[in-house]
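Chemist: Here is a sequence with its predicted model. Questions after.
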Amino acid sequence: MMKMESAMTGGKSNIIVRKVIESDLPVIAKLIDEYNPEHTPSHVPYIEKYIADPMGAAYAFFVAYGLDDVNGVLGCGGYTPDSDGAMGVYWLGAIYTSRSHWRSGIGSAILQHIIRQLKSLGAVKLMTDTGGKENQPEAHNFYVKNGFRLISERKKSDGYPEDESIYRLDLVP
Ligand SMILES: CC(C)(COP(=O)(O)OP(=O)(O)OC[C@H]1O[C@@H](n2cnc3c(N)ncnc32)[C@H](O)[C@@H]1OP(=O)(O)O)[C@@H](O)C(=O)NCCC(=O)NCCS
């Protein structure tokens, strides 16, 4: 029987977060396709690799679903260690929730699950990057609501390839 890992966030006790399994992949691919289809071909093999050897990976990936509908994956997200090898620094990756369930606490349940795991690993910072605030206000609000600080912004209008905002959450006081 699968271990239930987490079943709450801020009073939303009907959301379960658990490690991804193979049968979740089609729904995850659909979630990513809905927002960033160009990322699906790179994200999915990365998640498959984690499913094949979760203990051997330095990263992890999770899904969330409602307790009332155990077969319906409503969101996903994971973390990876800093690619430059900064000690205790992790990046949030591929956090997506079903648009029809936005603002139901699913994204926060996944994020808080990841934060708990990273704290237990002794992590010190969780970073994330996203598109510009103007294009993705929901992502900006989501990070700020969950305690992240905007630490850098790049704008296409200033000659960068894309708008990009980087956020940081300190995991230790
Ligand atoms: C960002 C995202 C993961 C949030 O997921 P979610 O399941 O809606 O998250 P929650 O329900 O926990 O919402 C927490 C907060 O996020 C913000 N938020 C979420 N959806 C929002 C929306 N449509 N408009 C404005 N703010 C929004 C709010 O501050 C919300 O808190 P509130 O409802 O109490 O005001 C989701 O909007 C998403 O999948 N977006 C597309 C992909 C994406 O941008 N991923 C992140 C960057 S790559």
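Modeler: Arrived safely, thanks for sending. Numbers count the residues shown, from 1 in each chain.

Chemist: Can you give me every residue that contacts residue 168?
Modeler: Under the criterion of Cβ atoms under 8 Å, 6 or more residues apart in numbering, the neighbours of residue 168 are 125, 126, 127, 148, 149, 151. C-beta: built from backbone N, CA, C; applies to glycine.

Chemist: The nearest residue to residue 156 once chain neighbours are set aside: what's it in contact with?
Modeler: Spatial nearest neighbour of residue 156, excluding adjacent residues (Cβ to Cβ, 6 or more residues apart in numbering): residue 163 at 5.3 Å. If you count contacts by Cβ under 8 Å, 6+ apart, residue 163 has them with 131, 132, 134, 135, 153, 154, 155, 156.

Chemist: what's the answer for residue 102, then?
Modeler: Applying Cβ under 8 Å, 6+ apart as the definition, the contact partners of residue 102 turn out to be residue 138.

Chemist: could you measure it against the ligand, distance?
Modeler: Applying Cβ to the nearest ligand atom, to the nearest Å, one obtains 4 Å for the distance of residue 102 from the ligand.

Chemist: May I have stretch 26-46 exported as PDB, CA atoms only?
Modeler: Output in PDB follows, covering the C-alpha atoms of stretch 26-46 (Å, rounded to 0.1, in the frame of the first residue of the first chain):
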ATOM      1  CA  PRO A  26       0.000  11.400 -18.300                       C
ATOM      2  CA  VAL A  27      -1.800  13.800 -16.000                       C
ATOM      3  CA  ILE A  28       1.500  15.600 -15.200                       C
ATOM      4  CA  ALA A  29       2.300  15.900 -18.900                       C
ATOM      5  CA  LYS A  30      -1.100  17.400 -19.400                       C
ATOM      6  CA  LEU A  31      -0.600  19.900 -16.600                       C
ATOM      7  CA  ILE A  32       2.700  21.000 -18.000                       C
ATOM      8  CA  ASP A  33       1.400  21.100 -21.600                       C
ATOM      9  CA  GLU A  34      -1.400  23.500 -20.500                       C
ATOM     10  CA  TYR A  35       1.100  26.100 -19.400                       C
ATOM     11  CA  ASN A  36       4.600  25.400 -20.800                       C
ATOM     12  CA  PRO A  37       4.400  22.800 -23.600                       C
ATOM     13  CA  GLU A  38       8.000  23.500 -24.500                       C
ATOM     14  CA  HIS A  39       9.000  22.200 -21.100                       C
ATOM     15  CA  THR A  40       7.200  18.800 -21.300                       C
ATOM     16  CA  PRO A  41       9.800  16.900 -23.300                       C
ATOM     17  CA  SER A  42      12.500  17.800 -20.800                       C
ATOM     18  CA  HIS A  43      10.500  17.600 -17.600                       C
ATOM     19  CA  VAL A  44       8.900  14.200 -18.200                       C
ATOM     20  CA  PRO A  45      12.100  12.100 -18.600                       C
ATOM     21  CA  TYR A  46      13.500  13.800 -15.500                       C
END
